[in-house]
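Engineer: okay, sequence plus prediction incoming.
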Amino acid sequence: MKNVKYIILIILLVLETNIVAQVVINEVFYDETGGDLGNEWIELKNIGGSAATITGYDLTAVSGDYYTFPSLTVPTGDFVVVHWRKVGTDDTDFGDNVAHLYTGTTGYDNNMGDTAGYVAFFNSTTHSSLTIIDYMEYGAGDQNWENDAVTAGIWSEDNFAPDVIASHSLEYDGSGNLGSDWVDRGIPTQGGENSLPVELSSFTAEFSLTGTLLKWITESEIENLGFILERKTSGSDWQEIVSYKQDESLWGQGSVSFATDYEYLDKLVQHGNTYEYRLADVDYYGVVTYHATREVFVESAPLATIADNFTVMTYPNPFNPSTTIRYSVTSCAITHIAIYDITGKIITTLINKEQPTGWYEIQWSGTNKAGKDVPGGVYLSRVTVGNDVKTSKLILLR
């Protein structure tokens, strides 16, 4: 008889887990260490067809602290945002109009996580594989509660989403239990739908004799303005190498339901280096969504010629108050960039130094060498890299 009771209890717990699993972890936002002041949050969403009562359920993040929900029913399709640290000086001063369900405990100063961590959601204050109803981990696998989530069938073993980047968020795309089902949002969408501009079916990067060949395929696109490609080497920061603003081949298709193939050849790579690439799309509202990264080792020097590689782009143009001059250096060389007026008189020198191979950019804010504003009108930028020279017309609006 005792065994029968245990079996009934397990069945009830499993049934309860399945019912409340309609409330899922939907978005995780991380802010810089020590600078959060309530800006870190976890968003839950009711994806079911009916209201869900989550009174007494527990939410926890990598800090190890738990938040137990008070009396709360979430209507179908609605969001719940849990801020991970109180704003203001007391529990009644929250600083904004979003319900801060988590207002911290005495002396609570921990961040929600760092670049790596986890979020777990339980249907009870008793935590186990029978009560865990949703889970995600980011930055690294084998986090706390992973085994329980795998046992419960809500996460894949040793799988994890990308690192949470400060001021970015990770958002669930609603498709499964893999880290790849979470996307990097350059602009967090608190309380917003998970509609992604791009359904990406593949993204590859491989070394070729002329550089790194990047290819990707979209199965569909929704209000997709275009793509951005970024690159970095070990120990360096991400650097944009090209975007839809400068290259028409990276323009999005807008809203389509058919597959589209894209590719880009990065010629400005050096022999013996390992490069990491990542792809982002931008929608009509300027929301940037990052996709998975790819790594490539450059086995030999690309065969592309200097003439093919030397590129100068200026944007915006016309401009006010500043414009960016983006240029390529194909082999270590002296770079000299200067601004002239229409008569050929020099206005200012922006750079004059040796630079190694790579992409660079520098801004001109419409000032002369004394730092004073120049009048609106037509100016010329002269970019010299080694023996190669390119001159572009700039239009300053005042």
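Structural biologist: Okay, I see it.
Engineer: residue 175 against residue 183, yeah?
Structural biologist: No. If you go by Cβ atoms under 8 Å, residue 175 and residue 183 don't touch, sitting 10.4 Å apart. For every residue, glycine as well, the C-beta is placed using N, CA and C.
Engineer: more neighbours: those two, which one.
Structural biologist: Comparing residue 175 with residue 183 by other Cβ atoms under 10 Å, the one with more neighbours is residue 183, at 23 against 11.
Engineer: could you report the pLDDT at that one?
Structural biologist: Listed pLDDT for residue 183 reads 83.
Engineer: so it is in contact with residue 171, correct?
Structural biologist: Yes. Counting by Cβ under 8 Å, residue 171 is a contact partner of residue 183 at 5.6 Å.
Engineer: now stretch 172-179: average pLDDT?
Structural biologist: Stretch 172-179 comes out with an average pLDDT of 82.
Engineer: straight-line length of it, end to end?
Structural biologist: 9 Å (Cα to Cα, to the nearest Å).
Engineer: try stretch 51-66
Structural biologist: Rule used - Cα to Cα; the end-to-end distance of stretch 51-66 is 23 Å.
Engineer: with stretch 324-344 instead?
Structural biologist: By Cα to Cα, one end of stretch 324-344 lies 21 Å from the other end.
Engineer: got the contact list for residue 327?
Structural biologist: 310, 311, 312, 313, 335, 337, 359, 360, 361, 383, 385 (Cβ atoms under 8 Å, 6 or more residues apart in numbering).
Engineer: mind putting those residues into a markdown table with secondary structure?
Structural biologist: Shown next, in a markdown table, are the contacts of residue 327 (DSSP: H, G, I helix; E, B strand; the rest coil):
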| residue | secondary structure |
| --- | --- |
| 310 | coil |
| 311 | coil |
| 312 | strand |
| 313 | strand |
| 335 | strand |
| 337 | strand |
| 359 | strand |
| 360 | strand |
| 361 | strand |
| 383 | strand |
| 385 | strand |
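Engineer: from those residues, which would you call buried?
Structural biologist: For these, a burial check counting by 16 or more other Cβ atoms under 10 Å picks out 310, 311, 312, 313, 335, 337, 359, 360, 383, 385.
Engineer: secondary structure element for residue 158?
Structural biologist: Assigned by DSSP states H and E, residue 158 falls within no helix or strand.
Engineer: wait, doesn't it sit right on residue 140?
Structural biologist: No. Contact status for residue 158 versus residue 140: not in contact, 9.7 Å apart, counting by Cβ under 8 Å.
Engineer: okay, residue 8: pLDDT?
Structural biologist: At residue 8, pLDDT is 41.
Engineer: my error: substitute residue 308 in the last question.
Structural biologist: For residue 308, pLDDT reads 47.
Engineer: the one 10 residues further on too?
Structural biologist: Each residue has a pLDDT score; the one for residue 318 is 89.
Engineer: could you find the closest non-adjacent residue to it?
Structural biologist: residue 395 (3.8 Å; Cβ to Cβ, 6 or more residues apart in numbering).
Engineer: identify the residue nearest the geometric centre of this protein.
Structural biologist: residue 184 (3.5 Å; Cα atoms, centre = their mean).
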